[in-house]
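J.: Okay, here's the prediction I keep looking at, along with the sequence it came from:
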Amino acid sequence: VRVVERRGEMFALGTWGLSDHWLLEGGARFEASTISFHGDTDVSQSFFYSKPRAVLSYFWDKQSQIRLRYEEVVGQLTFGNFIATSN
């Protein structure tokens, strides 16, 4: 069995200074992937994931800050989940 993956990723980021103490960072990654395997049968499956991210930072002074972060995390696929094997 031969497994092939084609993957592409695109991203956009932006930073906005809301005031002297507040900073907002936002962005997103977009990942598209196609996994195909060839052997007894030829099968292909496509995936698309958006991974948004936002960070809000508050600065007390030059040495102290608090950050609040939201981020969508997507793990890697396991190729073994796409084909059947036997021993």
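T.: Great, that's in hand.
J.: give me the number of residues near residue 35?
T.: Neighbour count for residue 35, taken as other CB atoms under 10 Å: 19. The way it works is simple: take the backbone N, C-alpha and C, and place the C-beta from them, glycine included.
J.: Which strand or helix spans it?
T.: Counting by DSSP states H and E, the element that carries residue 35 is strand 22-38.
J.: swap in residue 55?
T.: Per DSSP H and E, residue 55 falls inside strand 42-59.
J.: Quick one: distance of the helix or strand that comes right after that strand to the chain centre.
T.: Once the chain leaves strand 42-59, the next helix or strand it forms, by DSSP H and E, is strand 65-71. Remark: strand 65-71 is offset 18 Å from the chain centroid, using CA atoms, centre = their mean, to the nearest Å.
J.: Please apply the same query to stretch 50-70.
T.: Using CA atoms, centre = their mean, the offset of stretch 50-70 from its chain centre is 19 Å.
J.: any idea of the mean pLDDT in that stretch?
T.: The average of the pLDDT scores along stretch 50-70 is 93.
J.: beta partners of the residue nearest the centre of the chain?
T.: For the chain, the residue nearest the mean C-alpha position is residue 51 (4.5 Å; CA atoms, centre = their mean). Beta-bridge pairing of residue 51 under DSSP bridges involves residue 29.
J.: Next, residue 62: phi, psi?
T.: Main-chain torsions, residue 62, degrees, to the nearest 10: phi -70, psi -20.
J.: burial count for it?
T.: For residue 62, using other CB under 10 Å, the count is 6.
J.: Tell me the spacing between it and residue 6.
T.: Distance of residue 62 to residue 6, given as CB to CB, to the nearest Å: 46 Å.
J.: Against which helices or strands is the strand holding residue 35 packed?
T.: On a contact count with 3 or more CB pairs under 8 Å, 6 or more residues apart in numbering; DSSP states H and E, strand 22-38 meets strand 2-17, strand 42-59.
J.: okay, the angle between the longest one and strand 65-71?
T.: If I follow you right, that is strand 42-59. Between strand 42-59 and strand 65-71, the angle comes out at 160 degrees (axes from the mean of the first three to the mean of the last three CA atoms, to 10 degrees).
J.: Thanks a lot, see you next time.
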